[in-house]
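> Following is a predicted model, sequence given first.
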Amino acid sequence: MTRLVISARASRDVREILEHLSELAGPSVAEKYARDLRALYERLSMFPASGARRTALGPFARIAVWTPYVLVYDHINEEIGVVRVLDGRRNITRRLLHR
């Protein structure tokens, strides 16, 4: 399995998303999203190249969908670095990734 490294910013993104979902739709909805995210992390660690390439975001950038959110990650050798977790309806740019 490929090593998965989640950046501090991506962790903060997830925490904010789950808190928002809990307030908006309730704890059970937030828990379902958290389970789905863990399953996505597991899938990525087994199949790191499964995400669509997004070279406009970086030379090793890929995305994975966690509807309606998008995980932006770099896949280099045997490591996945989750850079950000953003609302997929946004215009995701390199600059946004590094805010």
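The structure has been received and is ready for your questions. These figures come from a predicted structure and were not determined experimentally.
> residue closest to the middle of the chain?
Among the residues of the chain, the one closest to the centroid is Leu71, at 2.3 Å (CA atoms, centre = their mean).
> what sits against that residue?
10, 40, 44, 51, 63-65, 82, 84-85 (CB atoms under 8 Å, 6 or more residues apart in numbering). C-beta coordinates here come from the backbone N, C-alpha and C atoms, glycine included.
> now do 7 Å
Counting by CB atoms under 7 Å, 6 or more residues apart in numbering, Leu71 makes contact with 63-64, 82, 85.
> ok, so of these, who is nearest Ala56?
Nearest to Ala56, judged by CB to CB, of those is Ile63 at 10.8 Å.
> bridging residues for the closest one?
Ala52, Val72 (DSSP bridges).
> Name the helix or strand for the nearest residue to Arg9 once chain neighbours are set aside, please.
Nearest non-adjacent residue to Arg9, counting by CB to CB, 6 or more residues apart in numbering: Arg84, 6.0 Å away. Here Arg84, judged by DSSP states H and E, is contained in strand 79-87.
> List the buried residues of that strand.
80-86 (16 or more other CB atoms under 10 Å).
> As JSON lines, the residues you listed with pLDDT and distance to Arg15 would be great.
JSON lines is the format used below for the buried residues of strand 79-87 (pLDDT from 0 to 100; distance: CB to CB, whole Å):
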{"residue": "Ile80", "pLDDT": "97", "distance to Arg15": "19"}
{"residue": "Gly81", "pLDDT": "97", "distance to Arg15": "18"}
{"residue": "Val82", "pLDDT": "98", "distance to Arg15": "13"}
{"residue": "Val83", "pLDDT": "97", "distance to Arg15": "16"}
{"residue": "Arg84", "pLDDT": "97", "distance to Arg15": "13"}
{"residue": "Val85", "pLDDT": "97", "distance to Arg15": "10"}
{"residue": "Leu86", "pLDDT": "97", "distance to Arg15": "14"}
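> how big is the angle separating the single longest helix found in the chain from strand 79-87?
Secondary structure of the chain per DSSP state H: the longest helix is helix 27-46. With axes from the mean of the first three to the mean of the last three CA atoms, to 10 degrees as the basis, helix 27-46 and strand 79-87 are set at 150 degrees to each other.
> Appreciated, that's everything.
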